[in-house]
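**Q** what follows is a predicted protein model with its sequence.
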Amino acid sequence: MARGKIKIKTPDQAETPISSMIDVVFLLIIFFVVTASIDKEIEDEKVILADAPHGRPVKKKDPRSLIINVRQDGTFSMGMRTMTLPEIRNELEQAKLSVSNPAENLPIIIRGDYHAQHYYVKQVMDTVKSTGLYKVRFNAQQSE
């Protein structure tokens, strides 16, 4: 028997398998792109908000908020689809059932277009009022 050091062959370059890491990175990228686009679609980009020079910007957005968009032509959208006032009322009634104290715990945000007639915004306000919800805010952009 020969006594001596045992030599272990090592490759010249150590390689780390990164194919699974690349798969995970691509999945994360897809996830963030999809969730970011959903959030943008909820706040309708066709709605041009009015300037509010004395308004206070919202620091933290409540995830329970239901956003109703009022477009310039008088159409309404909630979520990612255009709806009529009875459909908005039904949607609000369904949302009330999922919350313990809906009048206080279900904030409604009305985003009215700068050029929309106030009549359309009032229709949405009356629809929200008919459901018994009263935690309503209006969204505007802060002017610089």
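**A** Yes, it's here.
**Q** what stretches of the chain score poorly on pLDDT?
**A** Applying pLDDT under 70 to the chain flags residues 1-4, 6-14, 36-44, 54-59, 102-103, 142-144.
**Q** try it again at 80.
**A** For the chain, applying pLDDT under 80 flags the ranges 1-17, 33-64, 79-80, 99-105, 134, 139-144.
**Q** now residue 86: how far from residue 92?
**A** Per Cβ to Cβ, to the nearest Å, residue 86 is found 11 Å from residue 92. Every residue, glycine included, has its C-beta placed from N, CA and C.
**Q** revised request: answer the last question for residue 100.
**A** Distance, residue 100 to residue 92, using Cβ to Cβ: 16 Å.
**Q** who's more crowded, those two?
**A** Legend: neighbour count by other Cβ atoms under 10 Å for residue 100 and residue 92, higher for residue 92 (21 against 7).
**Q** who's in contact with that one?
**A** 66, 108, 127, 128, 131, 133 (Cβ atoms under 8 Å, 6 or more residues apart in numbering).
**Q** what about the helices in this structure?
**A** Assignment of helices within the chain using DSSP state H yields the ranges 19-42, 85-97, 102-105, 118-130.
**Q** in CSV: those helices, plus distance to residue 62.
**A** Shown next, in CSV, are the helices of the chain (distance: least, Cβ to Cβ, whole Å):
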stretch, distance to residue 62
helix 19-42, 13
helix 85-97, 13
helix 102-105, 9
helix 118-130, 16
